[in-house]
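1. model the structure of this input:
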Amino acid sequence: MSAVSLLVLSGCQHDLRAWFGQTEKPQHRHEPKQTEDSAAVMANEAKEAVHVDILGKQGTAIGKAKLTSAGSGGGVRIELEAASLPRGPHGFHVHETGKCEAPDFASAGAHFNPEARKHGLNNPEGAHIGDLPNLEADQQGKVKVDFVAKQLTLEAGKPNSLRKPGGAAFVIHEKADDFRTDPAGNAGGRIACGVIH
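-> As a prediction, this is how the structure comes out:
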């Protein structure tokens, strides 16, 4: 199980297991004989990857994310590294507008919620498609995660696609998401943002 899954499973194990999964190691890394296939798979992964710059409240880059299709299991693999965050847990969501204007990032709009549900993986009327697990910044303010968001896709034209008109954005909040309270889990202000093109 990915590190981020371990951070958030307590208290909401069933719901999070349904929405978030482990990253799968591509088979080509274990089958050196298939060198031609391996090169093709790696080239395809590089072509489809979406790269996101994460901006802090000063409008300067504090991290990066890479998004790729998760393969046969579906979903989007999210690899994110960031620094200069306050120590502790932080709500992490996909927002509906691909615009990140510091310092408050209100320009990113509300959570990505094409199904018009309530917020929170533990909310009986939830969850938003854009609800993601909390991030945990260490003592140095750094976070590094690698997980699969099964509810999302990179396939254009799908209602749950991150490749949509107007784009989308990752937003990191100042406090932990409680996975229940609408509209944003009592996670406080927005402290970082990254446009998903």
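2. surely Lys118 is in contact with Phe179?
-> No - Lys118 is beyond contact range of Phe179, at 11.2 Å (criterion: C-beta atoms under 8 Å). Bear in mind the C-beta positions are built from the backbone N, C-alpha and C, glycine included.
3. hey, what's in contact with both of those two?
-> Shared contacts of Lys118 and Phe179, defined by C-beta atoms under 8 Å, 6 or more residues apart in numbering, comprise Ala127.
4. tell me which of those two has more neighbours.
-> Taking other C-beta atoms under 10 Å, Lys118 and Phe179 do not tie; Phe179 has more neighbours (24 against 15).
5. how much space separates that one from Ile62?
-> Using C-beta to C-beta, to the nearest Å, Phe179 is found at 25 Å from Ile62.
6. can you check Ser72 too?
-> 34 Å.
7. ok, those two, which is more surrounded?
-> Neighbours per residue (other C-beta under 10 Å) separate Ser72 from Ile62, with Ile62 holding more: 21 against 6.
8. just how off-centre is the longest strand seen in the chain within its chain?
-> Secondary structure assigned by DSSP state E gives strand 61-69 as the longest strand of the chain. Relative to its chain's centre, strand 61-69 lies at 9 Å (C-alpha atoms, centre = their mean, to the nearest Å).
9. which is the next helix or strand following that strand?
-> Using DSSP states H and E, the next helix or strand after strand 61-69 towards the C-terminus is strand 76-82.
10. what is the rounded mean pLDDT of that following strand?
-> Averaging pLDDT along strand 76-82 yields 97.
11. now stretch 160-173
-> The average pLDDT for stretch 160-173 rounds to 95.
12. can you give me the end-to-end span of that stretch?
-> Across its full length, stretch 160-173 reaches 22 Å between end residues, using C-alpha to C-alpha, to the nearest Å.
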